[in-house]
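Participant: Next one to model:
(one chain, ligands or ions: 1)
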Amino acid sequence: MTGPADQTATTSPAPAPAGAAPAGPRGAANRRGPFRAGERVQLTDERGRMNTVTLADEGEFHSHRGVLPHSELIGRPEGTVVENSAGFRYQALRPLLKDFVLSMPRGAAVVYPKDAGQIVTMADIFPGARVVEAGVGSGALSISLLRAVGDEGHLHSFERREEFADIARGNVETMFGGPHPAWRISIGDLAEELGEQEEPGSVDRVVLDMLAPWECLDAVATALAPGGVVICYVATVTQLSRTAEAMRADGRFTEPDASETMVRGWHVEGLAVRPDHRMVAHTGFLISARRLADGSERLAPKRRASKSEFSQEDLDAWTPVALGERDVSGKKLRRAGREALGLAERAARAGGGSTAGVLGDGPETAPQAPAGPAAEGEERERP
Ligand SMILES: C[S@@+](CC[C@H](N)C(=O)[O-])C[C@H]1O[C@@H](n2cnc3c(N)ncnc32)[C@H](O)[C@@H]1O
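Facilitator: Predicted structure coming up:
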């Protein structure tokens, strides 16, 4: 296919002077043109194994199969195939958003791309929207939300732990090549902070990815505009049912909708066309509802009180540990934060954007995160 998009993809945008905001929507310039020092590049070998490297003028990618100087890539177009010192070939491409979130530094389980895509669509995140998100974790979902609201929108992200906010800030700035104009992070518990920081009825969309979203629903209903959407991402059915009942009990929401998304890859080669043997079978559930106008009552089939109502004993069993929360040490989070902010600094140098709060430099090579088990030190079990 030819057209303007193809032409821009092969021209080399001159990076803006250091400190200046690049022209065009935030992050667009660093998705195009030849490779530049400071950028993250994904190297895929002939067997499909991936490594992500951050390009540096004097840098080298070492593996047990030889050495590849970064200078072989800097200045070359995306999609270049290069050979290392031992003749092994690698295909070099910028990571797409879906690749980036699975290889970036993280301290908590991230929202997987399949779920992030659903969240953006099901919650109707539109350009210019005023969106609230909590918690931020490693910032994977924040990146998708920022792309959807665009430079003219507002994403106000709340996170209880400062260390997570540092990791997220680094990852967001690496992805966009500098701070995003639509983004603001506040440290604190959403249930306490939302009412302090956002006017009642002023928020279009709220996205919750946390252990106990039901604790925040009162604040969310107060902040949402009539017709606004709340969507919650939860890992277990017990969280799902408790969230649904809390939405109903609040009385200010429509009847909730719940779903899960399964994506099954396919092997397509000659006559061997079949589903992949392995897949990410479970990540989480989505549950969403709309804010009713004040004074209106939810329309839903009348339910008789039944034995399926929760008892206090049931509620007491829902402790963070019982729900699978793991305590991540501050030391691990600070290490991931230093790595994320270091990568952001290098991305800003590559793209000409400015960055704040830089703590250190990231490693030479970050292996692609496995699609299956949770990475070490994640806040709770999730693939
Ligand atoms: C699973 S992580 C979020 C991952 C994130 N959505 C991503 O894609 O990278 C959950 C985060 O929620 C935070 N959190 C939990 N309850 C919260 C609350 N009430 N207010 C603010 N943050 C909260 C935790 O500290 C943790 O960082």
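Participant: drop to CA atoms for contacts and neighbour counts, all remaining ones
Facilitator: Fine.
Participant: List the contacts of residue 145.
Facilitator: Each residue near residue 145 by Cα atoms under 8 Å, 6 or more residues apart in numbering is listed here: 120, 125, 155.
Participant: thought the second one was touching residue 207?
Facilitator: No. Residue 125 is not in contact with residue 207 according to Cα atoms under 8 Å; the separation is 9.8 Å.
Participant: Quick check: neighbours shared by these two?
Facilitator: Contact criterion Cα under 8 Å, 6+ apart; residues shared by residue 125 and residue 207: residue 131.
Participant: Where does pLDDT dip in this protein?
Facilitator: Within the chain, the stretches with pLDDT under 70 are 1-22, 304-309, 318, 323-325, 351-383.
Participant: domain assignment for it?
Facilitator: With automatic domain parsing as the criterion, the domains of the chain are listed as 9-95, 99-296+309-317.
Participant: ok, residue 68 to residue 75 distance?
Facilitator: 15 Å (Cα to Cα, to the nearest Å).
Participant: neighbour count winner among the two?
Facilitator: residue 68 (22 against 13; other Cα atoms under 10 Å).
Participant: most centrally placed residue in the protein?
Facilitator: The chain has residue 140 as the residue nearest its centroid, 1.4 Å off, counting by Cα atoms, centre = their mean.
Participant: By neighbour count, which of the contacts of residue 145 wins?
Facilitator: Neighbour max across these (other Cα under 10 Å) = residue 155, 27 neighbours.
Participant: Pairing partners for the helix or strand it falls within, with directions?
Facilitator: When elements are assigned from DSSP states H and E, residue 155 belongs to strand 154-159. Strand pairing for strand 154-159, using DSSP bridges, gives strand 130-134 (parallel), strand 183-187 (parallel).
Participant: now the last one, how far from the centre of its chain.
Facilitator: Its chain's C-alpha centre lies 15 Å from the corresponding centre of strand 183-187 when counted by Cα atoms, centre = their mean, to the nearest Å.
Participant: what do you get for stretch 192-208?
Facilitator: Computed by Cα atoms, centre = their mean, the chain-centroid distance of stretch 192-208 equals 20 Å.
Participant: Just the terminal-to-terminal distance for it.
Facilitator: Across stretch 192-208, first to last residue, Cα to Cα, it's 15 Å.
Participant: now swap in stretch 247-254 and tell me
Facilitator: Termini of stretch 247-254 sit 8 Å apart (Cα to Cα).
Participant: residues making contact with it?
Facilitator: By Cα under 8 Å, 6+ apart, the list of residues contacting stretch 247-254 from outside reads 214, 217-218, 221, 255-256, 289-294, 296-299.
Participant: ok, so of those, who is nearest the ligand?
Facilitator: Of all the contacts of stretch 247-254, the ligand sits closest to residue 214, with 9.4 Å by Cα to the nearest ligand atom.
Participant: pretty sure the closest one is in a helix, no?
Facilitator: Yes. Residue 214 forms part of a helix when assessed by DSSP: H, G, I helix; E, B strand; the rest coil.
Participant: what about the closest residue to it other than its chain neighbours, how many neighbours?
Facilitator: Closest residue to residue 214 apart from its sequence neighbours, by Cα to Cα, 6 or more residues apart in numbering: residue 243 at 5.3 Å. Look at residue 243: counted by other Cα under 10 Å, it has 22 neighbours.
Participant: Can you say which of the strands paired with strand 154-159 is packed in most?
Facilitator: Most buried of these, by mean neighbour count (mean count of other Cα atoms under 10 Å): strand 130-134, with a mean of 25.
Participant: Now do the following helix or strand past it against strand 183-187, angle only.
Facilitator: Next along the chain after strand 130-134, taking DSSP H and E as the criterion, comes helix 140-149. In terms of direction (axes from the mean of the first three to the mean of the last three Cα atoms, to 10 degrees), helix 140-149 departs from strand 183-187 by 140 degrees.
Participant: Look up how far residue 252 lies from the nearest residue to residue 60 once chain neighbours are set aside.
Facilitator: Residue nearest to residue 60 in three dimensions, not counting chain neighbours: residue 69, with 4.2 Å by Cα to Cα, 6+ apart. Per Cα to Cα, residue 69 is found 59 Å from residue 252.
Participant: Which one of the two is surrounded by more residues?
Facilitator: Neighbour totals were compared for residue 69 and residue 252, and residue 252 leads with 23 against 18 (other Cα under 10 Å).
Participant: The more buried one and residue 290: what is the separation?
Facilitator: According to Cα to Cα, residue 252 and residue 290 sit 9 Å apart.
Participant: Go ahead and confirm residue 69 touches residue 59.
Facilitator: Yes. Using Cα under 8 Å as the test, residue 69 is close enough to residue 59 to be in contact (6.1 Å).
Participant: Would you mind listing what in this structure touches the ligand?
Facilitator: Contact residues (Cα under 6 Å from any ligand atom) of the chain with the ligand: 108-111, 134-141, 158-161, 164, 188-191, 209-211.
Participant: Give me the buried subset of those residues.
Facilitator: Listed as buried from the residues of the chain next to the ligand are 108-111, 134-141, 158-161, 164, 188, 190-191, 209-211; burial here means 16 or more other Cα atoms under 10 Å.
Participant: Of the strands paired with strand 154-159, which is nearest residue 267?
Facilitator: The minimum distance between residue 267 and the strands paired with strand 154-159 falls on strand 130-134, with 36.3 Å, by Cα to Cα.
Participant: I'd like the distance from the closest one to the chain centre, please.
Facilitator: That offset, for strand 130-134, works out to 13 Å (Cα atoms, centre = their mean).
Participant: thinking again about what came up before, list only those of the contacts of stretch 247-254 flagged as buried.
Facilitator: Neighbour counting with 16+ other Cα under 10 Å marks 214, 217, 218, 221, 255, 256, 289, 290, 291, 292 as buried within these.
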